[in-house]
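In: pasting a predicted model and its sequence here:
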Amino acid sequence: YLVELDRTNSFHKCAENLYLSQPAISLSIRNLEKELDVTLFTRTSTGVYPTEIGTKIIQQAKEILLHINEIKTHIAPIRRTFH
């Protein structure tokens, strides 16, 4: 959600792109902010923009997603041999 919200700068567009409701995205981001005790996004009338700490966390999330995709690529041939 973080990465898509950063990409779209809109809770509505983010939710639409992920086939979720806008309240579900908002609640998830709010809960994450509570859990981390930081503000990840500044909400304005023109959009949603990452804070300085939000930018750092989003970058880490992008790296994690990249690693997940690399893992999937590496295990794909192995999974085929077990099916």
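Out: Right, received. Where do you want to start? Predicted model, so just to flag it, every value in this text is computed and none were measured. Residues are numbered from 1 along each chain as shown.
In: how about the strands in the chain?
Out: Listed in chain order, the strands of the chain (DSSP state E) span 41-44, 47-50.
In: what's the most buried one of these?
Out: The highest mean neighbour count among the strands of the chain, using mean count of other CB atoms under 10 Å, belongs to strand 47-50: a mean of 17. Where C-beta positions appear, they are placed from N, C-alpha and C, glycine not excepted.
In: where does this structure dip in pLDDT?
Out: The chain contains residues with pLDDT under 70 at 82-83.
In: helices of that one, residue ranges please.
Out: Secondary structure of the chain (DSSP state H): helices at 2-8, 11-17, 22-36, 52-82.
In: which of those helices sits closest to Arg43?
Out: helix 11-17 (8.3 Å; CB to CB).
In: in the closest one, what's buried?
Out: Burial within helix 11-17, assessed by neighbour count using 16 or more other CB atoms under 10 Å, is assigned to 11, 13-15.
In: any chance of the residues you listed in CSV, plus distance to Val48?
Out: Putting the buried residues of helix 11-17 into CSV (distance: CB to CB, whole Å) gives the following:
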residue, distance to Val48
Phe11, 6
Lys13, 10
Cys14, 8
Ala15, 12
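In: pipe the strands of the chain into TSV and attach distance to Ser28 per row.
Out: What follows is the strands of the chain, written out as TSV (distance: least, CB to CB, whole Å):
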stretch	distance to Ser28
strand 41-44	12
strand 47-50	13
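In: Thr39: neighbouring residues, count only.
Out: 13 (other CB atoms under 10 Å).
In: ok, now how distant is it from Ala15?
Out: Separation of Thr39 from Ala15 (CB to CB, to the nearest Å) stands at 20 Å.
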